[in-house]
Every structure is written in structure tokens, then in C-alpha cells.
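Asks: got a sequence here, can you build the structure:
(4 chains)
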Number of protein chains: 2
Amino acid sequence: MNRTHTRVTLDDVARRAGVSLATASRVINQSAGVSEDKVERVWTAINALNYVPHTAAQVLAANETHTLGLLLPAVSGGFFVSMLAGIQQGLSESGYDLLIYSSQPAAPAQRNDDPRRRLRRPLDQHNTDGLLVFADSLEDDELRRIYGNGFPMVLLHRSPPAGAEIPTVTFENKSGARQVVDHLVDVHGCQRIAYLAGPEGHEDSYWRQRGYRESLQAHGIPFDPLLVAAGEFDREAAARAVAEMLARETAFDAIFAGDDESAMGALDALAHAGKRVPQEVAVAGFDDVDVSRHLRPPLTTVRAPIEKAGLQAVRQLVQLIRGGQAEPLTLLPTTLVIRRSCGCNGAGHELAGDLERRAL
Amino acid sequence: MNRTHTRVTLDDVARRAGVSLATASRVINQSAGVSEDKVERVWTAINALNYVPHTAAQVLAANETHTLGLLLPAVSGGFFVSMLAGIQQGLSESGYDLLIYSSQPAAPAQRNDDPRRRLRRPLDQHNTDGLLVFADSLEDDELRRIYGNGFPMVLLHRSPPAGAEIPTVTFENKSGARQVVDHLVDVHGCQRIAYLAGPEGHEDSYWRQRGYRESLQAHGIPFDPLLVAAGEFDREAAARAVAEMLARETAFDAIFAGDDESAMGALDALAHAGKRVPQEVAVAGFDDVDVSRHLRPPLTTVRAPIEKAGLQAVRQLVQLIRGGQAEPLTLLPTTLVIRRSCGCNGAGHELAGDLERRAL
DNA sequence: ATCATGCTTGAAAGCGCTTTCAGAAAGCGC
DNA sequence: GCGCTTTCTGAAAGCGCTTTCAAGCATGAT
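Replies: Next comes the predicted model:
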């Protein structure tokens, strides 16, 4: 249990290999020509000693962390799994590690409660080579400050604050939303469609709502603010919101949920209230999360390439880090996925959906 | 965009505050008495300069990373979301950061293809204060080596290799499995129950299978190897496995899936084959993942406190890091959750389930 | 042979921080 | 007021690594 047991350093490796520290370092980093016999000797020593480089020392000396930071509000729902899977893929492509900063409301008692005596979180510059910022997990000010330092950063599902030209990757939210709502109206004749909005300030939700209103307008359906409720992209919040609408007897014949998570909540609330889906109320979601086709009834939704978004974000960020240019805006296409919750008989589509899903 | 723009160091802070580097460091770490006026001056300087400590330097000097490593095979499914949520909670309690190592099969072309010339991944000692190892994401040898160094480690859902007494946290898999299978037999009279096993070597699956066989034996039902298929804890693999059983006309009246993910696959395959659940085949899962109650039909399963497992694992690890003792084995209780896929009319239970879920 | 040319190599200077060490200042009893 | 302990404080020594710099040494050209 003696942790302080002599740790193996590059120095040890060099000595055992009979070369200098510098040469050993060069072998590891393949950073300069080293004669083949020395290369051999160094690797032999490394294996014999079980040498593992000390990352912090490498970072300090070389000023590169080989780590990307991911800022999240909190981990939850199927969305994150997919996003993380995509991000992981990007990481393994490029050889970076992932440091997750969850901006979750921290522990009960902060060590130091005086805000004037708190250190800024060491996100940038010193501790990662670049940052992936999800939605509103970082305030505009911080974003600007970090951008101002010329630090590589890519935004996921949010646009940059004014003045900061930070690359963004997100979905074609508006047109996707437009499509589902069009479908609800055109095919199923819905007229009173409720919208379950996401969290305040969440841009995906904003654009989806825009698409929703655009569709209403195109069909000459008046917009009724009473039909917009706070789904919060959260199952329980959405369930509460729908229950409330039901309670106050706001009439509606369809619910367009801002995401699949809130669609599940809606399905729940409707079931509890004894409303049949889709006979009495049609339901549609957004994202086409992993489980949506397994829901009761299978959810009509908009497929958003979540994994791809994660992957693209990493790629863009890596490009930026390596000194290249990144796409200012990556807009990934969304596609309508018809299943049964809207009233269609979605059988058959599901398989096709599966095949599509495979092709990242 | 000049990245090399003079970075703010502690030195700058110290100079501006009119104190020595050492004093400034002491203020930040509250590591020794410093007169109140200097403390004040240092913080003022820090805020004025927007100082952010350089983590690598701190790590190098203090030999503490304030980071926990999490080793995963790959991110997927509802299980991980819950586990990550629990881990995050533990992290924010204790102030550690999280570095995720996904042992995902790496990128196409490895830089260096000679295994003798590859560095060990810098997991331990130098780069994290402790390691959370999930299931079989690390080989026994590595585990032993790291343990041998006295490095803090906690295992999730796997037991330590012989000789290494590494704390483990996992579920009461066997008794949970025993309970569902008992239910299937006792209440629904099932006699030919298939088991969808998890990945080879996954201990959760091993114990669940043990529970399954124990129940069969207790009921005098002969064990039929033909009824055990490779569900792999994966939706698609499970669907294939079930389709195969169907194809080769192995008779069964129930499926006990090793986890909810494979239960979904089973549900899928069954639906495709036109088999009605639960009328023709009863289905039960394990885990009670977030979405299980939303499935078609709602899934009878065993609730496993996944979040709690993540949280506990972090707590144990932190205890270990701080020099304390950890529980050698944390076995979290599982409970049967009756819904409809087994043939019960599970209405009403769901709400209770929800309430339970809240109480972590 | 002689000199420029290109490779390989080691010594040494940091990277930004923590911490030991010892001196300075301050408080105390007498 | 004089030693003594108790706080504070700053100088300096690293932590383990990368990288510059200049030297060493072949090589081919002259």
C-alpha cells in the first residue's frame, strides 16, 4: 500500500537504456531521428520497467493536454447516451481523452461561500486543448472570455453569443418541426396542437417552436398561447404540464412534444387521464431517441442524428485545435419518422428506420 | 487568436498583490495561516487578472489530480445514463472531476502497430487519484498490477481477480433473478422459460443466470440449455437471438432477459414474429431502466438501483483515496417490479414505482 | 586529405505550481 | 525589557517531462 513507492520516471528508463533523458523522450514522441538500436533499447527498458508517462508533466512541459472538455448541464435521458457515443467515436478517431464537466448544481455546502473568493473553474487554456459546450451549460460572458483568449471551442445545440464566432453544430430543427406539424395537420386533420417547449433559452426548442408556428400559419391555424406548455425536455415536467392542460380543460387534439423525452411524459399523462393515443390525442416528438420506436404507441417523431452531431462536434474541434478552420455552422438534416402515435399505422417503417439508424 | 498571449500565472498574481509566490499559493489552498490583509490582496489580484490555476502544474507539484478515472467498454443504453448520473452526484459531493476512458475498439489505423512499442494507457498513478472500473473493461492482469501498486480502485459490476482485494459494488443479482423467475412460474405457470444471457464473462449476467437456474430447480423444472441464448445486453443481438430460437422452433412460454435492453430486443423480435406478449410469451427484464415502464407492454422487471451503484462506487473510492477503508463488497438490493409484460395487469404499480425511483 | 552538410545526441533550461526551510515579526511570561 | 515560543513570510528546491542549443560524428563533395 505504499503509494510513494519509487515511481518509474523517464529518467529511470533512460538510465536503464543507457541513453539520455532527451533521447528517451524523443523515442516516446517520435519527435526526432533516433538511431534504431537506441530506439530498441529504450522500448525494452520501457517494457521492463512498466513505465507510464506522467501526463501532468507532459502537459506542463509540452503545453498540450490531449484532452477535450465537455460541458454539460446534467446527464440524463437517451439523448446524452447517443451524443456521448458520437463523441466517443470522434475521440477514438483523434486520440483525445474526455474530461466531463457537469455544471450540475454542486454539493450542499461549498467549501468557500464567498463568491469573491472562488476560483474560476479551470476549464480552458491550461487543462484541455479545446471545449465542447452543450446548450446553455456556460454563460455568454464566460463563452466570450474564453473565445477572446482564442481558445478552441465548439458549441453544441446553441448559437454563439453576439460577437463571438464560435463554430456550432446542431440540427435542422425548424424544418423538422415544420414537417411533423404539417403531417399532423395535413394527414390527421389536427387543428388544436399543443407544443411542449423545452427549457427556457434552449435553442433547439426555440427553433422547433418556430417550425411549429410556421406550420400553423401556413395552414391558417391561429396560434393559441394556451397551447404552449413547459415540457422542459423532461419526462416528469412534461407529464405535469399535460396533466395541467387537461385539468384546466384546454382543448387539444394533438401534442407536439419538443423532444422525445417530453413526449414520453405526455404519453404518460394522457394514459393516466384515460385519453387514448392516437384516437383522442395524436402525439409526436423530436429526436427519435433509441427507445421511441418501442413506446406505447410507437412514437411518431423527427429523427435527429444525435450521434453524428457529437462526432461532428469533435471533428470540428480537433480541426480547430490543429490550427485549421472549422465550419461556422454545421446543420444536420432531420427526417420525419412516421410511427403510430400520430394515428398512422406505422408498421413496416420501423424496420426501415433501423436500417437507416445503422448508417451513421 | 494569439494563443501564446501571456498567460496569467500565480507569479503575476503574487506580484500584483505584493506578496511572494509562496504566499499566493497558500491563499489559494488555504494551506497555512496568512494574514487577513494579504489574503484580501491576493484575492483582489486573482479577480482582477482573471487568474485560473494551471491544473497540470498543480498536479505535478502536489501529486494530486482531483480526478477520478472511469473505465468503460462503450457508452450505450439507458443503463449508462443512470450510472453516470449517480457518478456525477458522487463527484459533485466530493469535488472530483471525471476522466472517461472508453476502451472502445480504437480508430482504424493505430499510430503504432507494434504492441511492443506501445505505451500503457496512463490510467493510474500519475493521472487520476483513483479508478472506477466497470465490468470487464480492464483485464485481470492490469487490475492486479494497478492494485499491486496500491492504487485506489473500485470495481463496478464485477468481482476482483483472485488475490486482489478490490472493493466492489454491484447488485443483488441472484435473488432478483430468482424473484422474477419465481413469479413467472408461480403466478403465470410458465414452464419453458428462456434466458437471454449477457456478454460472456459479465458477472451481473452470471449471477442472474444462477438465480434463474435456482428458481427452475426449486420448482422442479429441468434446465434446458437450448433455452439459453446470447442476448449480449444488447437490443439487436437479443432480437436476433430470439428470432433464431423462434426459427428453430424451440418452444418457450416466457423469456427472462438478462437486462432491459435485451428485453426490448426480445419484445421486438416477438412482435415481428407476430407473437403476442404476454398472451403467448411472457417477458421479463432486469434493471428497470428509465424507459421500461413505457414499453409495449410495460415491462415486468427487476429494479436495480443503478444510480445508487454509481454514487456508492464514487463514495467508496473517495474514502479509499482519503486513506480510509472501503467496504469490500457493496451489494445493493433489487426489487421485483410487476408490470404487464409478464401477464399481470400492472396498472397502478407504475406510479408507486415512480415515487420509489425518486428516493435515491 | 579538407571542409561543409546533415544526423544523432546530451546538457540544461524551463513549464507553473507546492512545499520545505529558515528567517523575520509578533506575542508572551517574567 | 529579555529570552522564548508561535505566526507569518519569502527564497529556493523540486515535481517529470519537452525542447532548444550546441557539440559530436559521419558522410560526401572538393
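
Asks: in the lengthiest helix in chain A, what's buried?
Replies: For chain A, the helix with the greatest residue count under DSSP state H is helix A:77-94. Using 16 or more other C-beta atoms under 10 Å in any protein chain shown as the test for burial, helix A:77-94 gives A:77-92, A:94. The C-beta positions use only the backbone N, C-alpha and C, and glycine is treated the same way.

Asks: what about the nearest residue to residue A:215 once chain neighbours are set aside, which helix or strand?
Replies: With C-beta to C-beta, 6 or more residues apart in numbering or on different chains as the criterion, residue A:215 has its nearest non-adjacent residue at 3.7 Å, and that residue is residue A:181. Using DSSP states H and E, residue A:181 falls within helix A:173-186.

Asks: and that helix, what does it pack against?
Replies: Contact analysis of helix A:173-186 by 3 or more C-beta pairs under 8 Å, 6 or more residues apart in numbering or on different chains; DSSP states H and E lists strand A:193-197, helix A:203-218, strand A:254-257, strand A:282-284, strand A:301-303, strand A:335-337 as its packing neighbours.

Asks: one step back: okay, the residue nearest to residue A:215: pLDDT?
Replies: At residue A:181, the pLDDT value in this model is 98.

Asks: tell me how far it lies from DNA strand C.
Replies: Going from residue A:181 to DNA strand C by C-beta to the nearest atom of the strand, to the nearest Å gives 52 Å.

Asks: thought that residue was touching residue A:193?
Replies: Yes: counting by C-beta atoms under 8 Å, residue A:181 does reach residue A:193; the two are 6.4 Å apart.

Asks: run through the bridge partners of residue A:153.
Replies: residue A:131 (DSSP bridges).

Asks: one step back: need the residues touching each of residue A:181 and residue A:193.
Replies: A:212, A:216, A:256 (C-beta atoms under 8 Å, 6 or more residues apart in numbering or on different chains).

Asks: picking that back up, what angle separates the helix holding residue A:181 from helix A:203-218?
Replies: 40 degrees (axes from the mean of the first three to the mean of the last three C-alpha atoms, to 10 degrees).

Asks: and helix A:173-186, which residues are buried?
Replies: A:173-185.

Asks: check the burial of residue A:247 by counting its neighbours.
Replies: Residue A:247: 9 surrounding residues under other C-beta atoms under 10 Å in any protein chain shown.

Asks: and the closest residue to residue A:288 other than its chain neighbours, what pLDDT?
Replies: Excluding its sequence neighbours, the residue lying closest to residue A:288 (C-beta to C-beta, 6+ apart) is residue A:303, at 3.9 Å. Note on residue A:303: pLDDT of 97.

Asks: please apply the same query to residue A:74.
Replies: On the pLDDT scale, residue A:74 gets 78.

Asks: hang on, the earlier thing: contacting residues for the residue nearest to residue A:215?
Replies: Residue A:181 makes contacts with A:193, A:211-212, A:215-216, A:256, A:284, as judged by C-beta under 8 Å, 6+ apart.

Asks: residue A:177 too?
Replies: A:207-212, A:215, A:256, A:286, A:302.

Asks: same question, residue A:186
Replies: residue A:219.

Asks: still on that earlier bit, format the helices and strands packed on helix A:173-186 as a markdown table; extra columns: mean neighbour count.
Replies: Shown next, in a markdown table, are the helices and strands packed on helix A:173-186 (neighbours: other C-beta atoms under 10 Å in any protein chain shown):
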| stretch | mean neighbour count |
| --- | --- |
| strand A:193-197 | 27 |
| helix A:203-218 | 20 |
| strand A:254-257 | 32 |
| strand A:282-284 | 29 |
| strand A:301-303 | 26 |
| strand A:335-337 | 19 |
